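# Sequence and predicted structure, then a few things I'm wondering about:
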Amino acid sequence: MADPWQRAYDFAVEVARKAGEEVRKAGESEIKIMTKSSTVDLVTKTDERVEKIIIGSLKEEFGPDAHCFIGEESVAKGEACILTDKPTWIIDPVDGTTNFVHGFPFVAVSIAFAVNKELEFGVVYSCLEDKMYKARKGKGAFCNDEKIEVSDVTAINKSIIISEHGTDRSPEKVNKIFSTMQKILCIPVHGLRGSGTAATNMCLVATGAVEAFFEIGIHCWDIAAGAVIVKEAGGVLLDVDGGPFDLMSRRMVSANNEVIAKRIIKEIEIFPAVRDDAPVQKQ
Ligand SMILES: O=P([O-])([O-])O[C@@H]1[C@@H](O)[C@H](O)[C@@H](O)[C@H](O)[C@@H]1O
Ligand SMILES: [Mg+2]
């Protein structure tokens, strides 16, 4: 039987590379900082323009109504964030916007594709490092066409763990985030890190550079592509309470194996995050 999604996978890599070139060449003029959910949840004209380029290219290639789209900046402007059984692109045009604004060298274009609510493939282009990560369900994970695999470490005291503090600065959430990080640091682990972009953090798990990345507060577009890449590199994905991974729940643990994942989960102080697919509250 013909493979229905290979062309979409190959094209997603081309589009991610083109989008990354747009991010790299974005001039000072475009880095006009705007904010969304908080004063530190940044967005720029580049985020918006690059998302339009990505979606426009996909519609031109596959037809304007063939697929559905969940894009970070389209959702920010009021579009629905509902994953149906229809073929759906899940897009973060600039993952690591704060890094982009500050010139901190980790910025990624993240493009995932789901069918029947199953993630088919994911592409993460770390455009300042020129690293193209990609993975297709059942076909392995790659960085610049070299196969990648998670770390084989099972001892938590020989691991590096990544987490992020997100953009919600409410004291009760910040306290839980830092209390969790303190407990993990003092296990002890070899180190705590954070690149500032969830997609890149997940690719670091997939390459074995770190053993786990977890966060409460991320969105489906931050992690959808990285989820496929981690899984295909031999890693695991769980909810922060140890339950099954839920793409729309705004929380997750990605790790090289269940031993590390479950040891981290024991330390996570969970706080609520409104689901990506929660009904929009009428004003
Ligand atoms: O907004 P963005 O740069 O696309 O995505 C970012 C995520 O990748 C990161 O994990 C999170 O901690 C940041 O708050 C931000 O949400
Ligand atoms: Mg983004």
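Good, I have the coordinates. Ligands and ions are numbered 1, 2, ... in the order given.
# Report the beta-bridge partners for the closest residue to E258 other than its chain neighbours.
Nearest residue to E258, sequence neighbours excluded (Cβ to Cβ, 6 or more residues apart in numbering): V236, at 5.4 Å. (Each C-beta comes from the backbone N, C-alpha and C, glycine too.) Beta-bridge pairing for V236 (DSSP bridges): A255.
# residues contacting V236?
Residues in contact with V236 (Cβ atoms under 8 Å, 6 or more residues apart in numbering) are 230, 254-258, 261.
# what does A135 give?
Contact analysis of A135 by Cβ under 8 Å, 6+ apart lists 121-122, 141-142, 206, 228-229, 231-233.
# go on, V174?
165, 168.
# Going forward, the N-terminal residue is numbered 515.
With the count now opening at 515, the last piece we talked about shows up as V688.
# Please pull up the helix or strand immediately following the helix or strand hosting it.
Assigned by DSSP states H and E, V688 belongs to helix 685-699. Of the helices and strands lying after helix 685-699 in sequence (DSSP H and E), the nearest is strand 705-707.
# who's in contact with that next one?
Strand 705-707 is contacted by residues 674-677, 695, 698-699, 718, 724 when judged by Cβ under 8 Å, 6+ apart.
# pull the helix or strand with minimum mean pLDDT from the chain.
strand 548-549 (a mean of 88; mean pLDDT, DSSP states H and E).
# how about the residues of the stretch 615-764 of the chain near ligand 1?
678, 680-681, 711-712, 729, 732, 736 (Cβ under 6 Å from any ligand atom).
# try 8 Å
Proximity of the stretch 615-764 of the chain to ligand 1 (Cβ under 8 Å from any ligand atom) is limited to residues 678-681, 708, 710-715, 729, 731-733, 735-736.
# Keep those residues, but drop any that are not near ligand 2.
Near ligand 2, judged by Cβ under 5 Å from the ion, there are no entries from these.
# Can you list which of the residues you listed are found in strands?
Judged by DSSP state E, those include E729 as members of strands.
# Quick check: C657 touching Y647?
Yes: using Cβ atoms under 8 Å, C657 is in contact with Y647, at 5.1 Å.
# more neighbours, those two?
Neighbours were tallied for C657 and for Y647 using other Cβ atoms under 10 Å; the higher tally belongs to Y647 (30 against 20).
# Across the sheet, point out what pairs with the more buried one.
Going by DSSP bridges, Y647 forms beta bridges with V638, C657.
# What's the separation between it and ligand 2?
16 Å (Cβ to the ion, to the nearest Å).
# What separation is there between the residue nearest to K600 when sequence neighbours are not counted and A533?
Among residues not flanking K600 along the chain, C582 sits closest, at 4.8 Å (Cβ to Cβ, 6+ apart). The gap separating C582 from A533 is 19 Å, by Cβ to Cβ, to the nearest Å.
# quick one on the thing from earlier: between the contacts of V750, which sits nearest ligand 1?
S768 (11.5 Å; Cβ to the nearest ligand atom).
# Distance check, that closest one against T721.
For S768 relative to T721 (Cβ to Cβ), the value is 12 Å.
# elements contacting the least confident helix or strand of the chain?
Other helices and strands packing on strand 548-549, by 3 or more Cβ pairs under 8 Å, 6 or more residues apart in numbering; DSSP states H and E, are strand 556-557.
# Is ligand 1 within reach of the strand it packs on?
Yes: using Cβ under 8 Å from any ligand atom, strand 556-557 reaches ligand 1 at 556-557.
# who does that strand pair up with?
strand 548-549 (antiparallel).
# what's in contact with the partner strand?
Contact with strand 548-549 is made by 555-558, as judged by Cβ under 8 Å, 6+ apart.
# can you do 10 Å?
With contact meaning Cβ atoms under 10 Å, 6 or more residues apart in numbering, strand 548-549 is reached by 555-559, 561-562, 590, 681.
# Out of these, who's the most crowded?
Going by other Cβ under 10 Å, D561 tops these with 25 neighbours.
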